[in-house]
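A.B. asks: what's the 3D shape of this:
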Amino acid sequence: MLGISDNTNQTINIEEFNSLKSIRDSSTTKVLKRSTIIFGTAFFIFLFLPWTQNIRSRGYVTTLNPSNRPQDIHSIIPGQIKKWYVREGDFVKQGDTILNISEIKSDYFDPLLVERTAEQIVSKEEMMESYLQKITALGNQTKALLSTKRLKIQQAKNYVKQAQIGIRSDSTDLQAAEANFEIAEKQLKRINTLFDDGLKSLTDVETKRLKVQETKAKFISAQNKLLTSRNKLINSKTELASIENQYRDKLAKIESDKFSAISVMYNTQAVLSKMKNQLSNYRFRKNQLFILAPQDAYITKAIVTGVGETVKEGQSLVTIMPANYDLAVEMYVLPVDLPLVQKGQKVRFMFDGWPSIVFRGWPNASYGTFGGKVVAIDNFISSNGQYRLLVAEDEEDEHEWPVGLRVGSGADGMVFLKDVAIWYEIWRNLNGFPPDYYKFEPKHNMPKSKKKDK
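C.D. replies: This next block holds a predicted model:
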C-alpha cells in the first residue's frame, strides 16, 4: 500500500483455498440465511411465551400447630430418678407414666405429709369454729347487758321520781307542822296572858306548853324527813349516773373480748388459708413425682438416663414427638420479596427424598412437586435477615403430601407470582427490577348498596 514491501501488488488466488471457495458457493449462503431466519423467528416466538414469575426459597418441614411440634418434658420439681416406664421409640398415650422420681428435699421426706397437714387444717377449722361461738356468746352477753342496763336505768329513774314525790309530800308535812307549831306558840301566849289575868288555871298553861313542845317536835321531825327525802333524791340521781358508768365499763370489756376473739379468728383464718394452700401444693408436688405424657406421642430421646441420677428443677428429661400433627413448611424470603407474598398464595414444594423434575417458569410442566398455601407471615424479621413464612398443605391440590414425610425434612419451595412474557422477564432481570405484584381477584363481586330516597 505504501510501496515499502516487494509483495504489495501480488494478488491472492481464491481457488487455492477451499474455505473461501465454499463461502462463495451460493447454495451454502442460502442455507445459512434460511437457518438464521428460522432460528430468529423461533426465538422471537419464544420471547412471547408465558412465564410464571416465582420466588424460590429453602425451608424445612414443621407442624402447623405449635403444640404438635417436638418438645421436651421438664421436671417441675427437683428429684432423683427412681424408675423408667418407657424406652426410646415407644408410643405413649396422654396421661401415661414416663418415669418416676423421688424427693431429695428434707422438707418433703415424710410419706404422710399430706395426711398430717389435712389433720392440722381440721384442728384449725375447729379452733376457728370455737372462736366463732365465743364471738356469738359475747354478742348475746352484750345484748343481755344492754337489756339489764335499760331495766336498771328505768328502775333508778323510778327511784328518782319516788324521791321527788316524797320531797313534795314531806315539804307539805313540814309546812303543816310549821303552821301547827306557830299556832301552838300563839295559843301559849294567849294562855299566859289569861293566866296572868287569873282567867286560866296553871293546868291549862301547862297543857298548852306541852302542846307547843309536841308541835315543835313534829316540826323538827318534818324537817328531818324532808332532808332525808332530799338525800334520797340525791342518792337516786347518783345511782342513775353510776349505772351508766358501771354498764359502760362492762360493755367495753365485753366488746374488747369480742374484738380480741375476732382478731384471733381472722388470724386463725389466715393461717388456715395458708395451710390449705400448702396442702394443695403438697398434693400437686406429690403428683409431680410421676412424669406423665402431655399428649399422644412417641418417645424420641431420653435426655437424662439411668436410675438414681439427680435432676434439677425445670431440667429437660425426655423429648417426645406428638403422634397426631398437621405438616407445614417453614421457609424464609428476602425483605425485598416480602411485599409480593400474601396469605393464601400458592406454593410448590420439592421435598428431600422425593424425585422431581421442575420447570420454574412452567409449573404445570413440573413433575414430583407438591402444592402448598401460605397461612402465616411474620411481621418481624428473623435473625437471618429474612422473613418467615408458614405454608400448609393445599387441600385443593390433586397431589397429597407424601405419607412418609417427617418433621425436619428439607423442602425447596417456589412462591408463584404473576404470569408474564419471557421477553419481559428477561428485560426485568437485566434491569434488576423486582417481580410484579400479584393480587388476588375476588371470585364474586359484591353488589353495591343502593341508597333509598327519602
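
A.B. asks: How about Asp90: what's its closest non-neighbour residue?
C.D. replies: Nearest non-adjacent residue to Asp90, counting by C-beta to C-beta, 6 or more residues apart in numbering: Ile299, 4.9 Å away. Bear in mind the C-beta positions are built from the backbone N, C-alpha and C, glycine included.

A.B. asks: Other residues contacting the strand or helix carrying the one you found?
C.D. replies: Assigned by DSSP states H and E, Ile299 belongs to strand 297-302. For strand 297-302, the external contacting residues (C-beta atoms under 8 Å, 6 or more residues apart in numbering) are 70, 84, 86-92, 98, 317-323.

A.B. asks: switch to 6 Å and redo it
C.D. replies: Val86, Glu88, Asp90, Phe91, Val318, Thr319, Ile320, Met321, Pro322, Ala323 (C-beta atoms under 6 Å, 6 or more residues apart in numbering).

A.B. asks: Using CSV, write out the CA atom coordinates for that strand.
C.D. replies: Provided in CSV are the C-alpha atoms of strand 297-302 (Å, rounded to 0.1, in the frame of the first residue of the first chain):
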residue,chain,number,x,y,z
ALA,A,297,-46.7,-39.1,71.3
TYR,A,298,-43.5,-41.1,70.6
ILE,A,299,-40.5,-41.1,72.9
THR,A,300,-37.7,-39.9,70.7
LYS,A,301,-34.8,-39.3,73.1
ALA,A,302,-34.1,-39.7,76.8
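
A.B. asks: What mean pLDDT does it get?
C.D. replies: The average pLDDT within strand 297-302 is 91.

A.B. asks: Now do it: distance to the chain's middle.
C.D. replies: 32 Å (C-alpha atoms, centre = their mean, to the nearest Å).

A.B. asks: For it, which strands pair with it and how are they oriented?
C.D. replies: strand 91-92 (antiparallel), strand 316-322 (antiparallel) (DSSP bridges).

A.B. asks: Which parts of the stretch 201-350 of the chain are helices?
C.D. replies: 202-287 (DSSP state H, counting those that start in this stretch).

A.B. asks: Before we move on, what's the pLDDT of Leu49?
C.D. replies: pLDDT, Leu49: 69.

A.B. asks: Could you do Ser26 as well?
C.D. replies: For Ser26, pLDDT reads 54.

A.B. asks: Let's verify the residue at the greatest distance from the centre of the chain: helix, strand, or coil?
C.D. replies: For the chain, the residue at maximal distance from the C-alpha centroid (C-alpha atoms, centre = their mean) is Gly198, at 124.4 Å. Using DSSP: H, G, I helix; E, B strand; the rest coil, the structure places Gly198 in coil.

A.B. asks: Name the residue closest to the centre of this structure, please.
C.D. replies: Geometric middle of the chain (C-alpha atoms, centre = their mean) lands on Asn277, at 18.3 Å.

A.B. asks: Roughly how far does that one sit from Met265?
C.D. replies: 19 Å (C-beta to C-beta, to the nearest Å).

A.B. asks: same question, Ala179
C.D. replies: From Ala179 to Met265 the distance is 72 Å (C-beta to C-beta).

A.B. asks: quick one, which of the two is more surrounded?
C.D. replies: Met265 (18 against 12; other C-beta atoms under 10 Å).

A.B. asks: list the contacts for the residue nearest to that one when sequence neighbours are not counted?
C.D. replies: Closest residue in space to Met265, ignoring its immediate chain neighbours: Tyr131 at 4.0 Å, by C-beta to C-beta, 6+ apart. Contacts for Tyr131 were tallied using C-beta under 6 Å, 6+ apart; they are Ala261, Val264, Met265.

A.B. asks: Could you tell me which residues within stretch 304-312 count as buried?
C.D. replies: For stretch 304-312, the neighbour count (16 or more other C-beta atoms under 10 Å) marks Val304, Val311 as buried.

A.B. asks: let's have the chain start at 598 instead
C.D. replies: Yes, from this point I'll number from 598; that puts the last item at stretch 901-909.

A.B. asks: Name the residues that touch that stretch?
C.D. replies: With C-beta under 6 Å, 6+ apart as the criterion, stretch 901-909 contacts Ser672, Pro675, Gln677, Ile678, Leu914.

A.B. asks: swap in stretch 926-933?
C.D. replies: 652, 654, 656, 658-659, 983-988, 1008, 1010, 1031.

A.B. asks: and if we set it to 8 Å?
C.D. replies: 652, 654-659, 938, 944, 946, 969, 978-979, 981-988, 1008, 1010, 1012, 1031.

A.B. asks: so which of the strands paired with strand 894-899 gets nearest Ala715?
C.D. replies: Judged by C-beta to C-beta, the one of these that comes nearest to Ala715 is strand 913-919, at 30.2 Å.

A.B. asks: Gly1010: helix or strand, and which one exactly?
C.D. replies: strand 1007-1018.

A.B. asks: CA atoms only: put the following helix or strand past that strand into CSV for me.
C.D. replies: Downstream of strand 1007-1018, the next assigned helix or strand under DSSP H and E is helix 1019-1028. What follows is helix 1019-1028, C-alpha atoms only, in CSV (Å, rounded to 0.1, in the frame of the first residue of the first chain):
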residue,chain,number,x,y,z
ILE,A,1019,-40.4,-14.3,28.6
TRP,A,1020,-39.1,-11.2,27.0
TYR,A,1021,-40.5,-9.2,29.9
GLU,A,1022,-38.9,-11.5,32.4
ILE,A,1023,-35.5,-11.2,30.6
TRP,A,1024,-35.8,-7.4,30.5
ARG,A,1025,-36.8,-7.3,34.2
ASN,A,1026,-33.8,-9.4,35.2
LEU,A,1027,-31.4,-7.4,33.0
ASN,A,1028,-32.5,-4.2,34.7
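
A.B. asks: Compute the mean per-residue pLDDT across helix 1019-1028, please.
C.D. replies: Mean predicted lDDT for helix 1019-1028 stands at 72.

A.B. asks: thinking again about what came up before, mind putting the strands paired with strand 894-899 into JSON lines with mean pLDDT, distance to Leu735 and mean neighbour count?
C.D. replies: Below are the strands paired with strand 894-899 laid out as JSON lines (pLDDT from 0 to 100; distance: least, C-beta to C-beta, whole Å; neighbours: other C-beta atoms under 10 Å):
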{"stretch": "strand 688-689", "mean pLDDT": "93", "distance to Leu735": "61", "mean neighbour count": "16"}
{"stretch": "strand 913-919", "mean pLDDT": "91", "distance to Leu735": "57", "mean neighbour count": "19"}
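
A.B. asks: Specify the beta-bridge partners of the residue nearest to Asp687.
C.D. replies: Ile917.

A.B. asks: Compute the number of surrounding residues for it.
C.D. replies: So Ile896, with other C-beta under 10 Å, has 19 neighbours.

A.B. asks: how near is the closest residue to Phe792 other than its chain neighbours to Phe778?
C.D. replies: Leaving aside its sequence neighbours, Phe792 sits nearest to Val802 (C-beta to C-beta, 6+ apart; 4.9 Å). Taking C-beta to C-beta as the measure, Val802 falls 18 Å from Phe778.
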